[in-house]
Structure formats: C-alpha cells, structure tokens
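Visitor: structure for this input, please:
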Amino acid sequence: MLAEAKAFKIPHYPSRKIASYQTLRRRFLRTRDFYDHPSSVEWDAILYRDAHEPERLVFYKRDARLVIYPSDLVAIYGKSARTARRYLQYIREEIGLPKGAPVTIKDFCAQSHLDYETIHTFIMES
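Guide: Numbers count the residues shown, from 1 in each chain. A predicted model of the protein is given here:
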C-alpha cells in the first residue's frame with residue numbers, strides 16, 4: 001500500500017567559468033567597481049547573473065519619473081533648498097505654468113541647457 005520513497009539526491013549545479021586573476025585584477029583597477037574585485041567575483045558568481053559581464057546591467061533604485069523636485073536641484077547644483085524652489089518657480093514663469101505646477105525633467109533641461117540623459121540618470125541613481 002505505501003509507495004517506496006526515493007532517496008533524496010543533492011542536485012549538482014555546474015559552476016561558472018571564472019576569468020584569470022590577472023584579468024579580474026585589470027578589470028577592477030580600470031573600473032574600481034567592487035563587483036570586479038578578484039576575491040569577490042568568485043563569491044558573487046552565484047548571486048549575480050552579470051558578475052562576469054564586462055558591461056553592467058543598470059538597476060535603478062526607484063521607478064522612472066518625469067518631474068524634477070527641488071531636492072534634485074539641491075543635489076545637482078549644491079545650492080540651498082530655497083534657491084532650488086526659486087529656480088523652479090523661475091522655470092514655471094518662463095514656460096507659462098501656474099504656480100505649484102510640476103516641472104518636467106525635459107522642461108528643466110531645455111531651460112538650463114543641460115543634457116537630458118545625464119540629468120535623468122543622475123536623478124534615478126541618487
């Protein structure tokens with residue numbers, strides 16, 4: 001009546017190929033990325049899919065957004081929060097938006113003559 005139980009067998013997972021120590025060392029000295037440190041690559045190979053890839057995948061900490069806030073301007077320019085709010089109000093007046101309306105990143109970049117990709121990447125990573 002009782003079925004015979006099979007013995008549990010531990011699965012075998014093949015290990016990833018790891019580049020030579022010198023290659024890993026050169027990559028670490030070029031990028032200074034802690035993922036590329038030779039001693040951590042072996043440990044990270046199981047946890048991170050892109051541990052041995054020369055180009056990293058980009059993972060943002062939060063969802064993409066379209067609006068720029070005064071706290072972003074504080075981080076970009078290093079000015080006070082009051083100055084950042086005043087600058088956003090100046091941009092609103094130039095564009096013709098009502099007081100308190102959100103300013104998009106594209107509008108900000110058009111007014112400040114900064115590169116959109118650089119600003120967007122900076123905002124998403126900070």
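Visitor: could you list the low-pLDDT ranges of this protein?
Guide: Along the chain, the parts satisfying pLDDT under 70 run over 1-3, 11-18, 28, 32-63.
Visitor: which neighbouring elements make contact with the longest helix seen in the chain?
Guide: Criterion DSSP state H: the longest helix present in the chain is helix 81-95. Here helix 81-95 touches helix 70-77, strand 103-104, helix 105-112, going by 3 or more Cβ pairs under 8 Å, 6 or more residues apart in numbering; DSSP states H and E. Every residue, glycine included, has its C-beta placed from N, CA and C.
Visitor: next, format the ones you listed as CSV and append mean neighbour count and distance to residue 31.
Guide: Output for those, formatted as CSV (neighbours: other Cβ atoms under 10 Å; distance: least, Cβ to Cβ, whole Å):
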stretch, mean neighbour count, distance to residue 31
helix 70-77, 16, 23
strand 103-104, 18, 33
helix 105-112, 17, 28
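Visitor: want to throw those into JSON lines with distance to residue 64?
Guide: Below are the helices and strands packed on helix 81-95 laid out as JSON lines (distance: least, Cβ to Cβ, whole Å):
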{"stretch": "helix 70-77", "distance to residue 64": "14"}
{"stretch": "strand 103-104", "distance to residue 64": "12"}
{"stretch": "helix 105-112", "distance to residue 64": "10"}
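Visitor: residue 73 reaches residue 84, doesn't it?
Guide: Yes: the pair residue 73 / residue 84 is scored as a contact, 3.7 Å apart, by Cβ atoms under 8 Å.
Visitor: confirm residue 99 sits in a strand?
Guide: No: assessed with DSSP: H, G, I helix; E, B strand; the rest coil, residue 99 is coil; it does not lie in a strand.
Visitor: phi, psi for it please.
Guide: Dihedral angles of residue 99 (phi, psi; degrees, to the nearest 10) stand at phi -60, psi 130.
Visitor: what about it, how many neighbours?
Guide: When neighbours are defined as other Cβ atoms under 10 Å, residue 99 has 7 of them.
Visitor: and the gap between it and residue 8?
Guide: Shown here: residue 99 relative to residue 8, a distance of 68 Å by Cβ to Cβ, to the nearest Å.
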